[in-house]
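Q: Sequence and predicted model, in that order:
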Amino acid sequence: METIHIQTESKNYPVFIGEGVLNKLGPFLKNHFTNLTRIFIITDETVAKMHLDKLTSELNPWDPIVFTTPSGEKAKTFEVFYSALSKALEDQLDRKSVILAFGGGAVGDLSGFVASVYMRGIPFIQIPTTILAHDSAVGGKTAINHPLGKNMIGAFYQPEAVFYDLELLRTLPPQEVRSGFAEVIKHALIYDANFYHWLKTSVQDLNAISAEQLTESLTKGIKIKNEFVRKDEKETGVRAYLNFGHTLGHAIEAEMGYGNITHGEAVMIGMIFALKLSKQLTGLDFDMEEFIEWVEGLGYRTKIPKGLAIENLLKKMKHDKKSIAESIRFVLLESIGRPILKTISDSSIVEELKVF
Ligand SMILES: NC(=O)c1ccc[n+]([C@@H]2O[C@H](COP(=O)([O-])OP(=O)(O)OC[C@H]3O[C@@H](n4cnc5c(N)ncnc54)[C@H](O)[C@@H]3O)[C@@H](O)[C@H]2O)c1
Ligand SMILES: O=C(O)C(=O)C[C@@H](O)[C@H](O)[C@H](O)COP(=O)(O)O
Ligand SMILES: [Zn+2]
């Protein structure tokens, strides 16, 4: 087991990462909280079926309340958000209660947002169950979606701790492994050229990745994320670099209908677009063909899915949280590990999308 210490302006907290770390949860709850009244688990249908017993067996002598959401992006709606709050009220959660977010990024984003507004904020703990959640469980971005844009309604709200039990990842289907790994590749591209080259040479088949390689990838990814949130918790500056690939990626997710493409798959397409823009606008020295060959070999789509209109994608990108007065700002790379933020005109984006 390794412990990574996340530092933010509002809170410092540990990420316990390794096989079997769930068994540290009970002792943590006993030590960390005085007079803990209720434990409220938010999980989704898939995770509940596969892993909920394992979690509840760690929670003796408490009798946790369980709120189960639909799986995937369907958890990040106003309706589910409202139902979760209603259940919390019905079951009389109070300020000495804790919410456990048990699932992937969708459950984590929803649960953190519920925790941030219930009685103006009660504590929560992230217990991620996907590869992608090495990103989503850390840093305190919480949100639900709106038809006009991804994660549009939310709050910055940090967890008390993150328990990342890598045993739980064994049941992930290939498309979720791929989705999660896109954020690992993102972390490498924006921060660490050596890590990127290591990934590119050692990961050729995501279904055959060794436990050691996965642990190394997730641990490095979390440490990189910490470097950005440590300096800029509320995204007034460098944290925006963690949004590499998301300007177009989120627009694709919204246009396709949330959940019809995985987050990581959409971000991968967005990263390829941003890399191409970078080559033109910052002089990035990067072998695009080699990159595309690598990621296609890993099973990623590398083009915008058919049927999406450029003008609709552009409209969605104008809603991006990095936009200022409707000017779209992209995270580009000057070199691997050196991101910048750049305003790009609508007409240039449209021209580039036409030939993408
Ligand atoms: N807050 C942040 O900083 C941040 C960062 C990145 C992504 N996100 C958000 O995270 C979400 C994506 O997260 P995700 O990819 O974890 O998706 P997810 O939570 O939708 O999970 C993906 C699918 O995998 C299933 N699943 C989860 N754990 C499993 C397991 N152990 N075994 C088998 N199946 C399992 C889920 O039921 C779901 O169907 C998006 O909404 C994205 O916007 C947030
Ligand atoms: O933590 C961040 O900051 C990120 O941008 C991480 C992203 O991977 C993540 O998808 C995040 O939810 C996107 O944030 P948003 O502000 O663009 O909704
Ligand atoms: Zn993301």
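A: Yep, that arrived. Ligands and ions are numbered 1, 2, ... in the order given.

Q: so residue 221 sits right up against residue 190, yeah?
A: No: contact criterion C-beta atoms under 8 Å: residue 221 and residue 190 do not qualify, at 10.8 Å. C-beta: built from backbone N, CA, C; applies to glycine.

Q: gap between the residue in the chain that ligand 2 sits nearest to and residue 242?
A: Using C-beta to the nearest ligand atom, the closest approach of the chain to ligand 2 is made by residue 151 at 3.3 Å. Computed as C-beta to C-beta, to the nearest Å, the residue 151 to residue 242 distance reads 13 Å.

Q: Please look at residue 252 and residue 308 and confirm they touch.
A: Yes: using C-beta under 8 Å, residue 252 makes contact with residue 308 at a distance of 6.7 Å.

Q: which of these two has more neighbours?
A: Ranked by neighbour count (other C-beta atoms under 10 Å), residue 252 and residue 308 place residue 252 first, with 25 against 14.

Q: Counting by contacts, list what whichever strand or helix holds that one packs against.
A: Using DSSP states H and E, residue 252 sits in helix 246-256. Under the contact criterion of 3 or more C-beta pairs under 8 Å, 6 or more residues apart in numbering; DSSP states H and E, helix 246-256 touches strand 149-156, helix 263-281, helix 310-318, strand 328-335.

Q: Pick the most buried one from these.
A: Among the helices and strands packed on helix 246-256, ranked by average contacts under mean count of other C-beta atoms under 10 Å, first place goes to helix 263-281 (a mean of 23).

Q: downstream neighbour of that one in the secondary structure list?
A: helix 288-297.

Q: what mean pLDDT does that next one have?
A: Averaging pLDDT along helix 288-297 yields 98.

Q: And for the residue in the stretch 251-356 of the chain that ligand 1 sits nearest to, nearest residue in space, chain neighbours not counted?
A: At 4.1 Å from ligand 1, residue 263 is the closest residue in the stretch 251-356 of the chain, using C-beta to the nearest ligand atom. Spatial nearest neighbour of residue 263, excluding adjacent residues (C-beta to C-beta, 6 or more residues apart in numbering): residue 179 at 6.0 Å.

Q: my guess is that neighbour meets residue 261, correct?
A: No: using C-beta under 8 Å, residue 179 is not in contact with residue 261; the gap is 9.1 Å.

Q: Between these two, tell me which one has more neighbours.
A: Using other C-beta under 10 Å as the criterion, residue 179 and residue 261 rank with residue 179 on top: 25 against 21.

Q: Contacts only, for the more buried one.
A: Residue 179 sits next to 130, 131, 132, 262, 263, 264, 265 when contact means C-beta atoms under 8 Å, 6 or more residues apart in numbering.

Q: Can the host helix or strand of it be said to contact ligand 1?
A: Using DSSP H and E, residue 179 sits within helix 174-191. Yes: using C-beta under 6 Å from any ligand atom, helix 174-191 reaches ligand 1 at 176, 179, 180, 183.

Q: So residue 58 sits against residue 27, correct?
A: No: checked against C-beta under 8 Å, the pair residue 58 and residue 27 is beyond contact range at 9.5 Å.

Q: Check which residues of stretch 23-31 are buried.
A: Neighbour counts using 16 or more other C-beta atoms under 10 Å place 24, 25, 28, 29 of stretch 23-31 among the buried residues.

Q: Does the second one belong to a helix, a strand or coil?
A: Yep, that's residue 25 we're talking about. Secondary structure for residue 25, judged by DSSP: H, G, I helix; E, B strand; the rest coil, is helix.

Q: Mind telling me what element the closest residue to residue 4 other than its chain neighbours is part of?
A: The shortest distance from residue 4 to any non-neighbouring residue, by C-beta to C-beta, 6+ apart, is to residue 15 (4.3 Å). Take DSSP H and E as the rule and residue 15 turns out to sit in strand 12-18.

Q: And for that strand, what's in contact with it?
A: With C-beta under 8 Å, 6+ apart as the test, strand 12-18 has contacts from 1-6, 24, 137-138, 158-166, 215, 218-219, 222.

Q: Filter those down to the buried ones.
A: 4, 6, 24, 137-138, 158-166, 215, 218-219, 222.

Q: among those, which are in strands?
A: 4, 6, 162, 163, 164, 165 (DSSP state E).

Q: For ligand 1, what's the nearest residue on the stretch 151-300 of the chain?
A: Nearest residue of the stretch 151-300 of the chain to ligand 1: residue 171, at 3.6 Å (C-beta to the nearest ligand atom).

Q: list the contacts for that residue?
A: Residue 171 neighbours (C-beta under 8 Å, 6+ apart): 50, 51.

Q: distance of it from residue 262?
A: Taking C-beta to C-beta as the measure, residue 171 falls 16 Å from residue 262.

Q: With residue 95 instead?
A: For residue 95 relative to residue 262 (C-beta to C-beta), the value is 36 Å.

Q: Which one's more surrounded, the two?
A: residue 262 (19 against 11).

Q: Dihedrals phi and psi, the more buried one?
A: Here is the backbone geometry of residue 262 (degrees, to the nearest 10): phi -70, psi 160.

Q: Surely it touches residue 178?
A: Yes: with contact defined as C-beta under 8 Å, residue 262 reaches residue 178; the gap is 7.4 Å.

Q: do stretch 230-241 and ligand 2 meet?
A: Yes: residues of stretch 230-241 contacting ligand 2 under C-beta under 6 Å from any ligand atom: 235, 239.
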